[in-house]
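Asks: dropping a prediction and its sequence here:
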Amino acid sequence: MSYEGPEFDPRPSPPSRRGRRALIAALVVALAAAGVAVQRAVGGDGDGAAPAASSGSPDARATPGGSPGAASGSPSVSGTSSPPASSTARPPAKRGPLSGKVVVIDPGHNTGNAAHTAEINRTVRIGNGAKECDTTGTSTDAGYAEAKFTLDVSRRLRALLEQQGATVRLTQDGDRPWGPCIDERARIGNEAKADAVVSVHADGSAAGNRGFHVILPGTVTQGGADTRGIVGPSRELGERIAGNFVRATGSAPSDYVGDGTGLVTREDLGGLNLSKVPKVFIECGNMRNGKDAALLTSAAWRQKAAQGISGGIVGFLRG
Ligand SMILES: [Zn+2]
């Protein structure tokens, strides 16, 4: 995450009991079906066991040393394949189950942000407050930047959704020097009248913390923001993505937020507060945790992550 002030709402709204039970049941089934080592989810392998004191102050926007190298250097990845670079002219949409559906994918941050601090540090209104336009994002200890991760997963996700017939738009495609600002990211989804929007991130939490989580919009009705119409459908989108993400990646829900559900509700994110269409964020893992970092830097794992997110979107859009 790492881009907007306090990492986590200290009092995240717990999901409804019914929704939570349903999700937990779905996760258990998915874990069992995937043959995943369930002990990981309960901290059996040690590192995920006790967030304890280490969970206090996640390392927010650190791009270590502020080094632009973190954003532009060669990441150590365990795979070399990469989706094709973007092009402004997208091929015509295929016929498929998602024909007529519009999906906006928001790759968090921008690899150029570190070199444009003045631009990204200006504040923008987010309804119930103000936030920086954008932030640099975090990185792994080895310097693999979150912004590289988010763009790679987003391009993979676009390819999967286009195969299903969806019309897909990215808020940035490595085709601009910085940003966009978080309010513009929301506006792109609104103006596209997107049927679903997903903002892709990886977290910069304490090193002992593991796992993914999906962030849902809370109810905000201030300063031009009004999320009342999207809270319900965004939750459904988020639950579907969380379930599919477990199944596709074998990753466990976060052991440091969300009480094991992989779902967290926040009201301090401009990208959610300003959205008029169903939208969630996903923190695919914790870049500052060694085991999560090994996954996040693997091209094969990023493909699985994209498949999990895609599966959730497809399920949501097909009902
Ligand atoms: Zn982020």
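Replies: Everything's here; your move.
Asks: the residue nearest the centre of the chain pairs with what?
Replies: Nearest to the geometric centre of the chain sits residue 282, at 2.5 Å (C-alpha atoms, centre = their mean). Going by DSSP bridges, residue 282 is paired in beta bridges with residue 200, residue 214.
Asks: interface residues of the stretch 51-200 of the chain facing the ion?
Replies: With the criterion set to C-beta under 5 Å from the ion, the stretch 51-200 of the chain comes near the ion through 108, 137. For glycine as for every other residue, the C-beta is placed from the backbone atoms N, C-alpha and C.
Asks: please repeat the previous calculation with a cut-off of 6 Å.
Replies: 108-109, 137, 146 (C-beta under 6 Å from the ion).
Asks: what would those look like in a markdown table with pLDDT and secondary structure?
Replies: As requested, those are arranged in a markdown table below (pLDDT from 0 to 100; DSSP: H, G, I helix; E, B strand; the rest coil):
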| residue | pLDDT | secondary structure |
| --- | --- | --- |
| 108 | 98 | coil |
| 109 | 98 | coil |
| 137 | 98 | coil |
| 146 | 98 | helix |
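Asks: number of nearby residues for residue 192?
Replies: Per other C-beta atoms under 10 Å, the neighbour tally for residue 192 reads 17.
Asks: ok, so what distance separates it from residue 124?
Replies: 19 Å (C-beta to C-beta, to the nearest Å).
Asks: for the most far-flung residue of the chain relative to its centre, which non-adjacent residue is closest in space?
Replies: Relative to the C-alpha centroid of the chain, counting by C-alpha atoms, centre = their mean, residue 95 is the outermost residue, at 27.4 Å. For residue 95, ignoring the flanking residues on the chain, the nearest one in space by C-beta to C-beta, 6 or more residues apart in numbering is residue 165 at 5.6 Å.
Asks: now for that neighbour: which residues touch it?
Replies: 93-101 (C-beta atoms under 8 Å, 6 or more residues apart in numbering).
Asks: try 6 Å
Replies: Residues near residue 165 by C-beta atoms under 6 Å, 6 or more residues apart in numbering: 93-96, 98-99.
Asks: tell me, how many residues neighbour the residue in the chain that the ion sits nearest to?
Replies: For the chain and the ion, the shortest gap (C-beta to the ion) falls at residue 201, measuring 3.5 Å. Other residues near residue 201 come to 29 when the count uses other C-beta under 10 Å.
Asks: for it, which non-adjacent residue is spatially closest?
Replies: Nearest to residue 201 is residue 108, by C-beta to C-beta, 6+ apart, at 4.0 Å.
Asks: check the burial of residue 228 by counting its neighbours.
Replies: Considering only other C-beta under 10 Å, residue 228 is surrounded by 11 other residues.
Asks: pLDDT value on it, please?
Replies: pLDDT recorded at residue 228 is 98.
Asks: host element of it?
Replies: Per DSSP states H and E, residue 228 falls between elements, in no helix or strand.
Asks: OK, contacts around it?
Replies: Residue 228 neighbours (C-beta under 6 Å, 6+ apart): residue 219.
Asks: go on, the one 3 residues further on?
Replies: With contact set as C-beta under 6 Å, 6+ apart, residue 231 has these partners: 217, 219.
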